[in-house]
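*Asks:* Next come a sequence and a model predicted from it.
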Amino acid sequence: MTQETALLPTSPVAGEDHVPLRKVFVKTYGCQMNVYDSDRMSDALARDGYVATDAVEDADFVLLNTCHIREKAAEKVYSELGRLRDLKKARANEGREMVIGVAGCVAQAEGDEILRRAPAVDLVIGPQTYHRLPEALKRARGGERVVETDYAIEDKFDHLPNPDRAKTRARGVTAFLTVQEGCDKFCTFCVVPYTRGAEVSRPVAQILAEAEKLVEAGVREITLLGQNVNAWHGAGPEGRDWGLGDLLRRLGEIDGLARLRYTTSHPRDMDDSLIEAHRSMAKLMPYLHLPVQSGSDRILKAMNRRHTATEYLALIDRIRVAQPDLALSGDFIVGFPGETEKDFEDTMRLVESVGYAQAFSFKYSSRPGTPGAELKDQVPEDVKAKRLERLQTLLARHQRDFAAACVGREIDLLLEKPGRLAGQLVGRSPWLQPVNVDAKQSQIGDIIRVRITKAGPNSLFAEMIG
């Protein structure tokens, strides 16, 4: 999943140590964890007197929080840096300072190379060292070109500030909360173990404290984040080792928290306790993002996924028995080295068997430093493009079928924000689809009963009941 966000303006932190205001613009590429990290970095900078702006031209500090999953994502960053170079020159001609920083996975993967390719960059900081950002920024403003990509000995979550109540309220009634980071799976196509490091789980007390602050600020729905979120584990208050199912049950006890979600999961870490949470927890939404990547056992082995297509399908059956109303989402890569037409047809059969409500599909992109980049028998680009088109056509049909099946259903809808039309609000269905309904702005944050009346290309439409 890819998204780009600029942080909205927020109020500066006042106090005895308050410094003259500077403005920061943060542009976020990639996954929800990057969105979460951008919010925490913004909170940390606010303590040093930085106020967020949504106008890059006004910013004293521009920070690109980057994604390195695919080659195009990385090249988009360099293209953006070229535009920022010109803006920085224009600002300098006016006698105004602009510091440019690169954070995230491209920063971690390329480090000093970014400074070489983009001389306008002043600061490069990796995902494990965000808590050092304010100090690194001071060094950059002093004229030093800073690279902070060494894996920190200390836990970054111990140092990042908890969400500010006023800022959280401004950001909305839903929130992300990172509980796990890094990956030990070493899929041969993936850079995450090299950019985010080994799997690390946040302690229960930290997670509960942040969740309670979010709810106090008006958040009604929390999505737990991790590269392999269902690999999370930690010591519970009674000393017993908890898994994600235990953590979800404890979070479900927080008064005022109405909904829980989690992403992204790995099939190997879906244990009985987590499946049981889907059966027994009304607050846990019936939606699961469970990537499989391919339907071919031969390709799954080459990807080092360490499960077969049959095992994946059996797992889906178990989860659906526990939660029959479940909507499934997945990730797919076409054109992995050595993929034959038969391998691709195996993927198409798996998709037909599962029936995904939502899915993300990509052409294989060779990432330097991963084992996949060294594999022979790379699939030609035109073949990858044709296969991707076929797969996306099938996935789109399944998504339309799922949306159409929702028409006529009555659901509880969390109202999140104004819609495009006057008098309209948008919320998310239990299955994560945007739903448009006529309602008053004062109802944002309410959960109302609606009937789905229509399925559009990218969202649903509903009417209030009663």
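*Replies:* On my side now, so go ahead. As the structure is a prediction and not an experimental result, all values here were calculated from the model.
*Asks:* Counting by contacts, list what the lengthiest helix in the chain packs against.
*Replies:* Looking only at the chain and at elements set by DSSP state H, the helix with the highest residue count is helix 381-406. Helix 381-406 is packed against strand 327-334, helix 341-354, strand 358-363, strand 447-455, with contacts defined by 3 or more Cβ pairs under 8 Å, 6 or more residues apart in numbering; DSSP states H and E. For every residue, glycine as well, the C-beta is placed using N, CA and C.
*Asks:* Turn these into JSON lines, columns for mean pLDDT, mean neighbour count and distance to Ala217.
*Replies:* What follows is the helices and strands packed on helix 381-406, written out as JSON lines (pLDDT from 0 to 100; neighbours: other Cβ atoms under 10 Å; distance: least, Cβ to Cβ, whole Å):
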{"stretch": "strand 327-334", "mean pLDDT": "98", "mean neighbour count": "22", "distance to Ala217": "28"}
{"stretch": "helix 341-354", "mean pLDDT": "98", "mean neighbour count": "17", "distance to Ala217": "37"}
{"stretch": "strand 358-363", "mean pLDDT": "95", "mean neighbour count": "19", "distance to Ala217": "29"}
{"stretch": "strand 447-455", "mean pLDDT": "97", "mean neighbour count": "17", "distance to Ala217": "17"}
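*Asks:* Which one of these lies nearest to Thr188?
*Replies:* Of all the helices and strands packed on helix 381-406, the one in closest proximity to Thr188, counting by Cβ to Cβ, is strand 327-334 (10.8 Å).
*Asks:* on that earlier part again, if you count neighbours, what's buried in the longest helix of the chain?
*Replies:* Buried residues in helix 381-406, counted by 16 or more other Cβ atoms under 10 Å: 384, 387-388, 391-392, 394-395, 398-399, 402-403, 406.
*Asks:* same question, stretch 241-248
*Replies:* Taking 16+ other Cβ under 10 Å as the basis for neighbour counts, the residues of stretch 241-248 that come out buried are 242-248.
*Asks:* now stretch 122-140
*Replies:* Burial within stretch 122-140, assessed by neighbour count using 16+ other Cβ under 10 Å, is assigned to 122-133, 136-137, 140.
*Asks:* Start from the N-terminal end of the stretch 1-150 of the chain and give the helices.
*Replies:* Assignment of helices within the stretch 1-150 of the chain using DSSP state H, counting those that start in this stretch yields the ranges 32-46, 71-93, 105-110, 112-117, 133-141.
*Asks:* Ranking these by mean neighbour count, which comes first?
*Replies:* Ranked by mean neighbour count, these are led by helix 105-110 with a mean of 25 (mean count of other Cβ atoms under 10 Å).
*Asks:* what's the average pLDDT for that helix?
*Replies:* Per-residue pLDDT values over helix 105-110 give a mean of 88.
*Asks:* Packing partners of that helix?
*Replies:* For helix 105-110, the contact count by 3+ Cβ pairs under 8 Å, 6+ apart identifies strand 61-66, helix 71-93, helix 192-195 as packing neighbours.
*Asks:* just to revisit the earlier point, now render the buried residues of stretch 241-248 as TSV, adding secondary structure.
*Replies:* As requested, the buried residues of stretch 241-248 are exported to TSV (DSSP: H, G, I helix; E, B strand; the rest coil):
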residue	secondary structure
Trp242	strand
Gly243	strand
Leu244	helix
Gly245	helix
Asp246	helix
Leu247	helix
Leu248	helix
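*Asks:* Thr178 versus the closest residue to Lys283 other than its chain neighbours, what's the distance?
*Replies:* Taking Cβ to Cβ, 6 or more residues apart in numbering as the measure, Lys283 lies nearest to Gly252, with 4.6 Å between them; neighbours along the chain are not counted. Here Gly252 is placed at a distance of 19 Å from Thr178 (Cβ to Cβ, to the nearest Å).
*Asks:* Settle it for me: which of these two has more neighbours?
*Replies:* Comparing Gly252 with Thr178 by neighbour count (other Cβ atoms under 10 Å), the higher total belongs to Thr178, at 23 against 17.
*Asks:* Please read off the pLDDT at the more buried one from the model.
*Replies:* What the model reports as pLDDT for Thr178 is 93.
*Asks:* List the residues that contact the residue lying closest to it once chain neighbours are set aside.
*Replies:* Nearest non-adjacent residue to Thr178, counting by Cβ to Cβ, 6+ apart: Leu225, 4.6 Å away. For Leu225, the residues meeting the contact criterion (Cβ atoms under 8 Å, 6 or more residues apart in numbering) are 32-33, 36, 176-180, 262-263.
*Asks:* Leu225 and Ile275, how far apart?
*Replies:* Using Cβ to Cβ, Leu225 is found at 20 Å from Ile275.
*Asks:* Run a quick neighbour tally on the residue lying closest to Leu432 once chain neighbours are set aside.
*Replies:* Closest residue in space to Leu432, ignoring its immediate chain neighbours: Tyr287 at 5.0 Å, by Cβ to Cβ, 6+ apart. Burial of Tyr287 is recorded as 23 neighbouring residues (other Cβ under 10 Å).
*Asks:* For Tyr287, give me its contacts.
*Replies:* Here Tyr287 is in contact with 261, 326-327, 329, 357, 430-432 (criterion: Cβ under 8 Å, 6+ apart).
*Asks:* And for Asp271?
*Replies:* Listed by Cβ under 8 Å, 6+ apart, the contact set of Asp271 reads 230, 243, 245.
*Asks:* ok, now with 10 Å
*Replies:* Asp271 makes contacts with 230-231, 233, 243-245, as judged by Cβ atoms under 10 Å, 6 or more residues apart in numbering.
*Asks:* again with Gly330
*Replies:* With contacts defined as Cβ under 10 Å, 6+ apart, the neighbours of Gly330 are 288-293, 312, 316, 350-351, 354, 356-361, 395.
*Asks:* Please apply the same query to Met348.
*Replies:* Applying Cβ under 10 Å, 6+ apart to Met348 gives the contacts 295, 332, 334, 387, 390-391, 394-395.
*Asks:* rerun at 7 Å
*Replies:* For Met348, the contacting residues are 391, 394, by Cβ atoms under 7 Å, 6 or more residues apart in numbering.
*Asks:* quick one: it and Ser442, what's the gap?
*Replies:* Taking Cβ to Cβ as the measure, Met348 and Ser442 are separated by 48 Å.
*Asks:* what do you get for Arg117?
*Replies:* 50 Å.
*Asks:* try Asp112
*Replies:* In this structure, Asp112 and Ser442 are 52 Å apart, going by Cβ to Cβ.
*Asks:* Ser280 now?
*Replies:* Computed with Cβ to Cβ, the distance linking Ser280 and Ser442 is 34 Å.
*Asks:* Give me the more crowded residue out of these two.
*Replies:* Neighbours per residue, other Cβ under 10 Å: of Ser280 and Ser442, the larger number sits with Ser280, 13 against 8.
*Asks:* Of the buried residues of helix 381-406, which is the nearest to Glu221?
*Replies:* For those, with Glu221 as the reference and Cβ to Cβ as the criterion, the closest is Cys406, at 18.9 Å.
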